[in-house]
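Participant: requesting a structural model of the entry that follows:
(chains A and B)
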Amino acid sequence: MIYADNSATTKVKPEVIDAMLPFFGEHYGNPSSLYAFAYDAKRAVEEAREKVAEVIGAKSREIFFTSCGSESDNWALRGVASKFDGGHIITSAIEHPAIMQTCKYLEKKGYRVTYLPVSELGEVNPDDVRAAICDDTILISVMTANNEIGTIQPIAEIGKIAREKKILFHTDAVQAYGHIPINVDEMNIDLLSLSGHKIGAPKGIGALYIRTGIKLNNLICGGGQERGRRAGTENVPYIVGLGCAASLAARDMEENIKKLSAMRERLIERVTKIPYCRLTGHPTNRLPGLVSIVIEGIEGEALLLNMFNEGICASSGSACSSGSLDPSHVLLAIGLPHHIAHGSLRISLGEENEVGDEIKIAEAIEKVSARLRAMSPVWENGKPMWA
Amino acid sequence: MYSEKVLDHFSNPRNVGEIADANAVGQVGNSKCGDIMKIYMKIENDIITDVTFKTFGCGAAVATSSMATEMVKGKSVSEALKLTNRAVAEALDGLPPEKLHCSVLAEEAIQSAIADYYTRQGLDPKDFGIKVCDGNCEHCSAHK
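Facilitator: Numbers count the residues shown, from 1 in each chain, chains lettered A, B, ... in the order given. You can find the predicted model right below:
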């Protein structure tokens, strides 16, 4: 089997498992306890915080552990919004549901939200951000890189505008953290969400970077953990795992970018030779391992189930995979019509993939698309009926 | 989560293709919603002697098309008209709730082909209790 769905989740790295294990049965003390037995746990949490911070040029006291990326996104948006009595938020039309749905919730609570359109390549235009700013804009939240089409946003430019206008800037970096260089100071990022399971740590651990001096309300109330900002006994083994994975991601980032981009380019070159198959997202300014395509005349869920029969795990943003009649909001936002967006396929390569996998994947896509087109009533004489 | 039977019919669909001399052809669904089923039948002396399908849609759409064709093959037209979406779903050991509309589509595709059979003979399908899908999902709640 070739696992090519690393944007969905990743395998926990052996080094990460090794780092975590002692904190289940050996150093199981509560970091809040005062006796020496708990010191190992406390120390490990602080070391992990340092490691997570280092990847983005932050200070360790600016990292707050959460249960996942979605919690970090919720905390950032709700935590800032509730500091104000109403106001305006700017985000993009292609954010992850954790941002989208939180914005919808805030709209119900009386906040105004601008969902900035994106280009055909999935880019937010910084000029649009500037133009959308109102007197009462309290927050700008634009993702670092998109999970479906891989486009990397002009975060530094948006950050610069936000700083100039003295508006808080949050970025959902769940897909980008540990994969591409991010520096919170150079990019003027005030709040940043990240998640462990996209970089070889387990599911169920994330963090929110909060720039020193930024005030936001708590999302989880309770004890005084995380310096009084995020209650709940620390998930020590998972925090240790996140710290370890963050260090490894930073150490190997350059090498992984080189390897995965080359594999990505070979895969794109090959599959875009399939008639009526095109790349979605930006051709070059995209996540190193992410290939997203639409194949006309076939449906995405059928495509990915067939891919699995060929031994390849991938994903799709088709309506059938989401259980609704509409394909993903991202594919619609980049201007794809419904009938084409239904045929989406996302291949996300990770460092576990071996060079050569991309060729096997390309062969499987060729085989499977020919098979499904042969049984498609909308595919006739080598082209889709709408062509 | 799909049942073993759904996965089997999806991976090895029965009766895929077209029938050159079909005397009953029906198509339902539309590409906007992501599901189109087209059924071809050869009907002789009121018996469906051959039936094939072509489907643009998800795994459940392919599997229900495949199963529905198996269930009406060799049957009389009136028996085929009695095929319900529920029977198709049951024959596949069930479908996830969000995929039940695919079995509705399969039932309608069979009906649509038979409607065409009647129309070709100058008969009105409505007289046989057939409700014809017009491909407009907006006003139709059959699959919701």
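Participant: now the helices for chain A?
Facilitator: Assigned helices in chain A, in chain order: A:14-20, A:22-25, A:39-54, A:69-81, A:97-108, A:126-132, A:155-164, A:225-228, A:236-271, A:300-309, A:319-322, A:329-333, A:338-341, A:357-374 (criterion: DSSP state H).
Participant: can I get the ones you listed in CSV with mean pLDDT?
Facilitator: Listed next are the helices of chain A as CSV, based on pLDDT from 0 to 100:
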stretch, mean pLDDT
helix A:14-20, 98
helix A:22-25, 98
helix A:39-54, 98
helix A:69-81, 98
helix A:97-108, 97
helix A:126-132, 98
helix A:155-164, 98
helix A:225-228, 96
helix A:236-271, 98
helix A:300-309, 94
helix A:319-322, 62
helix A:329-333, 96
helix A:338-341, 93
helix A:357-374, 98
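Participant: same list, those, but as JSON lines with mean neighbour count please.
Facilitator: For the C-beta atoms, the positions are set from N, CA and C on the backbone; glycine is no exception. Formatted as JSON lines, those follow (neighbours: other Cβ atoms under 10 Å in any protein chain shown):
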{"stretch": "helix A:14-20", "mean neighbour count": "17"}
{"stretch": "helix A:22-25", "mean neighbour count": "14"}
{"stretch": "helix A:39-54", "mean neighbour count": "20"}
{"stretch": "helix A:69-81", "mean neighbour count": "24"}
{"stretch": "helix A:97-108", "mean neighbour count": "17"}
{"stretch": "helix A:126-132", "mean neighbour count": "16"}
{"stretch": "helix A:155-164", "mean neighbour count": "19"}
{"stretch": "helix A:225-228", "mean neighbour count": "14"}
{"stretch": "helix A:236-271", "mean neighbour count": "20"}
{"stretch": "helix A:300-309", "mean neighbour count": "24"}
{"stretch": "helix A:319-322", "mean neighbour count": "23"}
{"stretch": "helix A:329-333", "mean neighbour count": "22"}
{"stretch": "helix A:338-341", "mean neighbour count": "22"}
{"stretch": "helix A:357-374", "mean neighbour count": "19"}
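Participant: closest one to B:F10 among those?
Facilitator: B:F10 lies closest to helix A:300-309 among the helices of chain A, at 6.1 Å (Cβ to Cβ).
Participant: report the angle between that closest one and helix A:357-374.
Facilitator: 130 degrees (axes from the mean of the first three to the mean of the last three Cα atoms, to 10 degrees).
Participant: just checking, what packs against helix A:300-309?
Facilitator: helix A:319-322, strand A:344-348, helix A:357-374, helix B:4-11, helix B:59-72 (3 or more Cβ pairs under 8 Å, 6 or more residues apart in numbering or on different chains; DSSP states H and E).
Participant: before we move on, the earlier item: what would the helices of chain A look like in JSON lines with distance to B:S31?
Facilitator: As requested, the helices of chain A are arranged in JSON lines below (distance: least, Cβ to Cβ, whole Å):
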{"stretch": "helix A:14-20", "distance to B:S31": "44"}
{"stretch": "helix A:22-25", "distance to B:S31": "52"}
{"stretch": "helix A:39-54", "distance to B:S31": "46"}
{"stretch": "helix A:69-81", "distance to B:S31": "33"}
{"stretch": "helix A:97-108", "distance to B:S31": "25"}
{"stretch": "helix A:126-132", "distance to B:S31": "31"}
{"stretch": "helix A:155-164", "distance to B:S31": "36"}
{"stretch": "helix A:225-228", "distance to B:S31": "50"}
{"stretch": "helix A:236-271", "distance to B:S31": "22"}
{"stretch": "helix A:300-309", "distance to B:S31": "13"}
{"stretch": "helix A:319-322", "distance to B:S31": "11"}
{"stretch": "helix A:329-333", "distance to B:S31": "14"}
{"stretch": "helix A:338-341", "distance to B:S31": "4"}
{"stretch": "helix A:357-374", "distance to B:S31": "14"}
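Participant: show me what the lengthiest helix in chain B is packed against.
Facilitator: Using DSSP H to define each element, chain B has its longest helix at helix B:100-120. With contacts defined as 3+ Cβ pairs under 8 Å, 6+ apart, the packing partners of helix B:100-120 are strand B:24-30, strand B:35-44, helix B:59-72, helix B:77-81, helix B:85-91.
Participant: and it, average pLDDT?
Facilitator: Mean per-residue pLDDT for helix B:100-120: 93.
Participant: that one vs helix B:4-11, what angle?
Facilitator: Using the same axes, to 10 degrees: helix B:100-120 against helix B:4-11 is 50 degrees.
Participant: give me the buried positions along helix B:100-120.
Facilitator: For helix B:100-120, a neighbour-count test (16 or more other Cβ atoms under 10 Å in any protein chain shown) marks B:100-118 as buried.
Participant: what of stretch A:130-145?
Facilitator: With burial defined by 16+ other Cβ under 10 Å, the residues of stretch A:130-145 counted as buried are A:130, A:132-133, A:137-145.
Participant: so can I have a markdown table of the helices and strands packed on helix A:300-309 showing distance to A:V113?
Facilitator: Below are those laid out as a markdown table (distance: least, Cβ to Cβ, whole Å):
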| stretch | distance to A:V113 |
| --- | --- |
| helix A:319-322 | 22 |
| strand A:344-348 | 26 |
| helix A:357-374 | 37 |
| helix B:4-11 | 40 |
| helix B:59-72 | 35 |
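Participant: mind checking which of the ones you listed is nearest A:G86?
Facilitator: Of all the helices and strands packed on helix A:300-309, helix A:319-322 comes closest under Cβ to Cβ, at 31.9 Å.
Participant: before we move on, back to that, using PDB, list the CA coordinates for the longest helix of chain B.
Facilitator: The C-alpha coordinates for helix B:100-120 follow below in PDB (Å, rounded to 0.1, in the frame of the first residue of the first chain):
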ATOM      1  CA  LEU B 100     -29.600   6.200   0.400                       C
ATOM      2  CA  HIS B 101     -30.400   8.700  -2.400                       C
ATOM      3  CA  CYS B 102     -28.200   6.600  -4.700                       C
ATOM      4  CA  SER B 103     -30.600   3.700  -4.300                       C
ATOM      5  CA  VAL B 104     -33.500   6.000  -5.100                       C
ATOM      6  CA  LEU B 105     -31.700   7.000  -8.200                       C
ATOM      7  CA  ALA B 106     -31.200   3.400  -9.200                       C
ATOM      8  CA  GLU B 107     -34.900   2.700  -8.800                       C
ATOM      9  CA  GLU B 108     -35.700   5.800 -10.900                       C
ATOM     10  CA  ALA B 109     -33.200   4.800 -13.600                       C
ATOM     11  CA  ILE B 110     -35.000   1.500 -14.100                       C
ATOM     12  CA  GLN B 111     -38.300   3.300 -14.200                       C
ATOM     13  CA  SER B 112     -37.000   5.800 -16.600                       C
ATOM     14  CA  ALA B 113     -35.800   3.100 -19.000                       C
ATOM     15  CA  ILE B 114     -39.100   1.400 -18.900                       C
ATOM     16  CA  ALA B 115     -40.900   4.700 -19.400                       C
ATOM     17  CA  ASP B 116     -38.800   5.100 -22.600                       C
ATOM     18  CA  TYR B 117     -39.900   1.600 -23.600                       C
ATOM     19  CA  TYR B 118     -43.600   2.600 -23.300                       C
ATOM     20  CA  THR B 119     -43.100   5.900 -25.000                       C
ATOM     21  CA  ARG B 120     -41.500   4.200 -28.000                       C
END
